[in-house]
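Q: Provided below are the primary sequence and the corresponding predicted coordinates.
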There are 2 protein chains.
Amino acid sequence: MPPSRRDELVETAMRVFYRHGFNATGIEKVLREAGISRMTLYNHFKSKDELIAAALRRRDETFRNKMYKFIGARATGPAERILAVFDFGEQWFCSDEFCGCMFINASAEFPDRDCAIRRVASEHNRAIASYLLEQCREAGLRDPELVARQLHILFEGACARANVMDAVEGGEEAFRATSFAARDAAALVINTAKTTPSTAA
Amino acid sequence: MPPSRRDELVETAMRVFYRHGFNATGIEKVLREAGISRMTLYNHFKSKDELIAAALRRRDETFRNKMYKFIGARATGPAERILAVFDFGEQWFCSDEFCGCMFINASAEFPDRDCAIRRVASEHNRAIASYLLEQCREAGLRDPELVARQLHILFEGACARANVMDAVEGGEEAFRATSFAARDAAALVINTAKTTPSTAA
DNA sequence: ATACATATAGACCGATCAGTCTATTCCACC
DNA sequence: GGTGGAATAGACTGATCGGTCTATATGTAT
C-alpha cells in the first residue's frame, strides 16, 4: 500500500530537519517539500515539536535498520560486527547527505534535558548502546559495560569530529582518517578486553 | 581597566548562546542580560552572525585557558597532561553550566560548512588537535598523528555522549562513568603507542 | 565651556514564524 | 449518486525576529 500522508510528512520532515536544522527550518519549508497542506500537519500533530519528535523516531528506525543491514552483510562474529560499525560510519561520513548525528544535533538545539525531543534522542542512544553491549557480551569480553561505553564514545566522537570540520579540512581523506582512527582504537579496546586481565594504567 | 562594552557584550553572548542555543536565542535576550542597547551591538558588529562568531572565539579562548590551567596544576609529563584532559572533562560534564561542546553545537545549528561560524569552530578544534599532537610527540609515542586523533575522538565523543543524555539517565554517575571510560581508553591507546610496534588487528 | 565619541531608549520596518480557521475539493465506500 | 472523512489552498493572527533610524544623554579631553 502507498505511504500515508502522515508517513510522507514525517519522512520529509526527517530529511529537511536533518539537512537544515530544527529551529532554522520553518514548517512551511517542510510542507512545501512534502507537497502537503498546513492543516494536514496539524491534524496529525499538535505542534512542530511533535513533528520533530516523530522525525527523530523515524530517523532512529531507518538509521539503525541501515546500520544493522550493513553490518549483517559483512560480518558474522560479534567482534567483526563491532568493527563493521565503524566501516558503516566511514561510508556515512563520506556520503553527500552527512550532516552529523541527528540526535547530537537535536541535543544541541534543545538544551532542556527534560523535553520530549531530548527523550527521543536519548532512546536512540540507549538502543545503540545496548546493541554494542550485546556484541561485547557475545564476544565474551571482560567488563563488557565499560568496553561498550568506550566503543560508543569512539563512534559518537568520530561522528562529532567529522561534522565539526569546515569546508577546507573536511574532505574525504579527513573523514576516512577520522573513521580509521576510531576503528583502530576500537580494535585495540576489544583486543585488550579479550586477553589482558587489567585496564591500562 | 574595566571591561569594554564590547567585551561585556561578547561575554554575555557567549554565556547566553551556549546555554540556550544560537537560533533559539534572540538578540534582544542577549542585550537585556548584558544591559546594553541595541545600537551598541550594531556599532560593534555587522550582524548577529558576527556576534556569534565573536562569542565562539571568546569561548575558544576561555575554554582552552581553563583547560590548560587545570592541566598545568596537576600534571608534569605529556602523558599525564593528556590524561588530565579527561579529568578536566569530568568536572566540566558534572558542572551545572555544562551544555555540551559549544563548537559541536554550533556545527549542528549552522550546517553550511563554508560559513564563518563553522570556520571559527574548526579553528578551535584544530587548536585542541595540535595541543594533543604536541603532547603525543613530546611523549615519544609511535604514530603521534594517529594517537592524537584517537584522543581527540575520545574527548569529543565523551562530550557528545554526556550532552545527549536526557534528564533521567544524565546524572552525575553517568557523567563520571562516561569520562572514566574515555580516560581509560585514552590510557590504553597511549600505553600501546609507547610500547608495541603495531596497531591491533 | 565646548566638542566629540560613545552609549542610551525606543520607535519602527519588513519578514518570518507557529498555529488557527474557513471554505472547497477529492475520493472511497455504500 | 449521494454521503462522510480527509486533504486542499490560502487568508489570518499575534508574536518575534534581525536590523535600521532618530533623538537624547553621558562622559572625557582640550
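A: Ah, there it is. Numbers count the residues shown, from 1 in each chain, chains lettered A, B, ... in the order given.

Q: DNA strand D contacts on chain A?
A: Within chain A, the positions adjacent to DNA strand D are A:4-6, A:35-40, A:43-44 by C-beta under 7 Å from any atom of the strand. In this view, the C-beta of every residue, glycine as well, is placed from N, C-alpha and C.

Q: rerun that using 10 Å as the cut-off
A: Proximity of chain A to DNA strand D, by C-beta under 10 Å from any atom of the strand, involves residues A:4-9, A:23, A:28, A:31-32, A:34-44.

Q: any of those buried? List them.
A: Among the residues of chain A next to DNA strand D, those classed as buried by 16 or more other C-beta atoms under 10 Å in any protein chain shown are A:5, A:8-9, A:23, A:31, A:34, A:36, A:41, A:44.

Q: please identify the helix or strand for A:I104.
A: In this assignment (DSSP states H and E), A:I104 forms part of helix A:102-109.

Q: ok, and does that helix reach over to DNA strand C?
A: No - using C-beta under 10 Å from any atom of the strand, helix A:102-109 stays clear of DNA strand C, coming no nearer than 11.9 Å.

Q: contacts for the next helix or strand after that helix, please.
A: Later in the chain than helix A:102-109, the nearest helix or strand by DSSP H and E is helix A:116-138. Contacts to helix A:116-138, defined as C-beta atoms under 8 Å, 6 or more residues apart in numbering or on different chains, come from residues A:49-50, A:52-53, A:56-57, A:59-60, A:63-64, A:68, A:78-79, A:81-82, A:85, A:103-104, A:106-107, A:110, A:112, A:144-145, A:147-149, A:151-152, A:155, A:193, B:161, B:164-169.

Q: one more time with 7 Å
A: Residues outside helix A:116-138 that contact it (C-beta atoms under 7 Å, 6 or more residues apart in numbering or on different chains): A:49, A:52-53, A:56-57, A:60, A:64, A:78, A:81-82, A:103, A:106-107, A:110, A:112, A:144-145, A:147-148, A:151-152, B:164-166, B:169.

Q: picking that back up, the buried ones among the residues of chain A next to DNA strand D into a markdown table, with extra columns for secondary structure, distance to A:C94 and pLDDT?
A: Converted to a markdown table, those look like this (DSSP: H, G, I helix; E, B strand; the rest coil; distance: C-beta to C-beta, whole Å; pLDDT from 0 to 100):
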| residue | secondary structure | distance to A:C94 | pLDDT |
| --- | --- | --- | --- |
| A:R5 | helix | 34 | 87 |
| A:E8 | helix | 28 | 95 |
| A:L9 | helix | 30 | 96 |
| A:N23 | coil | 28 | 97 |
| A:L31 | helix | 32 | 96 |
| A:A34 | helix | 28 | 94 |
| A:I36 | coil | 32 | 95 |
| A:L41 | helix | 34 | 97 |
| A:H44 | helix | 35 | 96 |
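
Q: give me every residue in chain A lying close to DNA strand C.
A: Close to DNA strand C, as judged by C-beta under 10 Å from any atom of the strand, chain A has residues A:20, A:22-32, A:37-43, A:45-52.

Q: mind checking which of those residues land in helices?
A: A:20, A:27-32, A:38-43, A:48-52 (DSSP state H).

Q: ok, and the closest non-adjacent residue to the residue nearest the centre of chain A?
A: The centre of chain A sits closest to A:C101, judged by C-alpha atoms, centre = their mean, with a distance of 4.9 Å. Excluding its sequence neighbours, the residue lying closest to A:C101 (C-beta to C-beta, 6 or more residues apart in numbering or on different chains) is A:C159, at 4.6 Å.

Q: the buried ones among the residues of chain A next to DNA strand D: which ones sit near chain B?
A: By C-beta under 7 Å from any C-beta of the partner chain, the members of those lying near chain B are A:N23.

Q: farthest pair within the buried ones among the residues of chain A next to DNA strand D?
A: A:R5 and A:N23 (25.0 Å; C-beta to C-beta).

Q: low-confidence ranges in chain A?
A: By pLDDT under 70, the low-scoring segments of chain A are A:1-2, A:196-201.

Q: and the residue of it that's closest to chain B?
A: Closest residue of chain A to chain B, C-beta to the nearest C-beta: A:G157 (2.3 Å).

Q: quick one, what contacts that residue?
A: A:G157 touches A:182, B:153-154, B:156-157, B:160, counting by C-beta under 7 Å, 6+ apart.

Q: most neighbours among the residues you listed, which one?
A: B:L154 (31 neighbours; other C-beta atoms under 10 Å in any protein chain shown).

Q: what sits closest to it if chain neighbours are left out?
A: Spatial nearest neighbour of B:L154, chain neighbours left out: B:A182 (4.6 Å); criterion: C-beta to C-beta, 6+ apart.

Q: pretty sure the one you found contacts B:F86?
A: Yes - with contact defined as C-beta atoms under 7 Å, B:A182 counts as touching B:F86 (5.4 Å).

Q: next, show the common contact partners of these two.
A: What both B:A182 and B:F86 touch, as defined by C-beta under 7 Å, 6+ apart, is the set B:F155.

Q: re earlier: any idea which of the contacts of A:G157 is the one closest to DNA strand C?
A: Nearest to DNA strand C out of the contacts of A:G157 is B:A160 (C-beta to the nearest atom of the strand; 25.4 Å).

Q: and the closest one, how far from chain A?
A: Applying C-beta to the nearest C-beta, to the nearest Å, the value for B:A160 to chain A is 5 Å.

Q: for A:R81, list the residues it contacts.
A: By C-beta under 7 Å, 6+ apart, A:R81 lies in contact with A:71, A:75, A:135.

Q: contacts for stretch A:25-40 next, please.
A: A:5, A:8-9, A:12-13, A:16-17, A:41, A:48.
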